[in-house]
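> just coords:
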């Protein structure tokens, strides 16, 4: 230690990072977006990314209101939501990996979309049952299992859509787009819908809202857009509307 005090620290070799101006920063945003939009079916894929989680987000962001109105205590919410929910989430993540490995990305995504839509019905059943700890455990378990399984498949799909040169920016844009619609609708309409319809009808509605995303992805699979756009992510020099 005395030697270090006397001699001081060794010189550090460091590279000076080039200054990044506004133009470079803008180019760093525009270039990844432009590359994505040049792909075949890009607008359809963006529409899917935008709508596929709307129903799930609407349901998840209103659960605390449901639990409070059904009279569940904070201790009950903590036990079932944090305890059982976490175990179910881990089980879903593990199952998602198994399904992905066994069936491939396309089928894994479709299955996860169906499960995430169906899981909202469990909260409609809980709302109809009232203060039921068994119903709460089942609903939270199903929801978290579906979210874990879907998280593996959907994240893998969004990652596959990203070009290697623009992975960080494109993934950030896609993941933000995936959550923005549901959050905007939740903040502006969810409370009014619950007051007007009641919880049971509201959660049934969130399931129906998820159907277009499932249907659109099914159509993308049938037409090949679900795979062709991700395949285009690895191609250089894309030409709008170009063929393989």
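Noted; the coordinates are in hand. None of these values were measured; they are calculated from a predicted model.
> quick one: low-confidence parts of this protein?
Within the chain, the stretches falling below the threshold (pLDDT under 70) are 1-23, 25, 29, 186-187, 228-244.
> can you rerun that using 90?
Low-confidence segments of the chain, defined by pLDDT under 90, span residues 1-43, 45-46, 50, 52-62, 78-83, 155, 158-193, 195, 223-244.
> can you list the neighbours in contact with the helix or strand hosting residue 90?
Here residue 90 sits within helix 85-103, counting by DSSP states H and E. When contacts are taken as C-beta atoms under 8 Å, 6 or more residues apart in numbering, the neighbours of helix 85-103 outside the stretch itself are 107-108, 111-112, 140-153, 156. From N, CA and C alone the C-beta is placed, and that goes for glycine too.
> drop anything exposed from those residues.
Among the contacts of helix 85-103, those classed as buried by neighbour count (16 or more other C-beta atoms under 10 Å) are 108, 111-112, 140-153, 156.
> residues contacting residue 139?
The contact partners of residue 139, by C-beta under 8 Å, 6+ apart, come to 119, 122, 123, 125, 126.
> surely the last one and residue 135 touch.
Yes - counting by C-beta atoms under 8 Å, residue 126 does reach residue 135; the two are 4.5 Å apart.
> between those two, who's got more neighbours?
residue 126 (26 against 18; other C-beta atoms under 10 Å).
> so who does the more buried one touch?
With contacts taken as C-beta under 8 Å, 6+ apart, residue 126 has the following neighbours: 66, 70, 132, 135, 136, 138, 139.
> near residue 37, how many other residues are there?
Here the count is done by other C-beta under 10 Å, and residue 37 has 12 residues near it.
> phi, psi of it?
For residue 37, the backbone dihedrals are phi -70, psi -20 (criterion: degrees, to the nearest 10).
> return the set of buried residues in the helix holding residue 90.
Of the residues in helix 85-103, 85, 88, 89, 92, 93, 95, 96, 97, 99, 100 count as buried by neighbour count, 16+ other C-beta under 10 Å.
> spatially nearest residue to the fourth one (excluding sequence neighbours)?
So that's residue 92. In space, and not counting its chain neighbours, residue 92 is closest to residue 148: 2.3 Å by C-beta to C-beta, 6 or more residues apart in numbering.
> give me the neighbour count for residue 41.
17.
> just checking, it touches residue 220?
Yes - assessed by C-beta under 8 Å, residue 41 is found in contact with residue 220 at 7.4 Å.
> between these two, which contacts overlap?
With C-beta under 8 Å, 6+ apart as the test, residue 41 and residue 220 reach no residue in common.
> next SSE downstream of the longest helix seen in the chain?
Of all the elements of type helix in the chain, the one with the most residues (DSSP state H) is helix 133-160. As assigned by DSSP H and E, the chain's next helix or strand after helix 133-160 is helix 167-185.
> quick check: next helix or strand after that next one?
Helices and strands here follow DSSP H and E; after helix 167-185, the next one along the chain is helix 191-197.
> buried residues, that following helix. List them.
When neighbours are counted by 16+ other C-beta under 10 Å, the buried residues of helix 191-197 are found to be 193, 194.
> now do that helix: everything it contacts.
Contacts of helix 191-197 (C-beta under 8 Å, 6+ apart): 62, 65, 202, 205.
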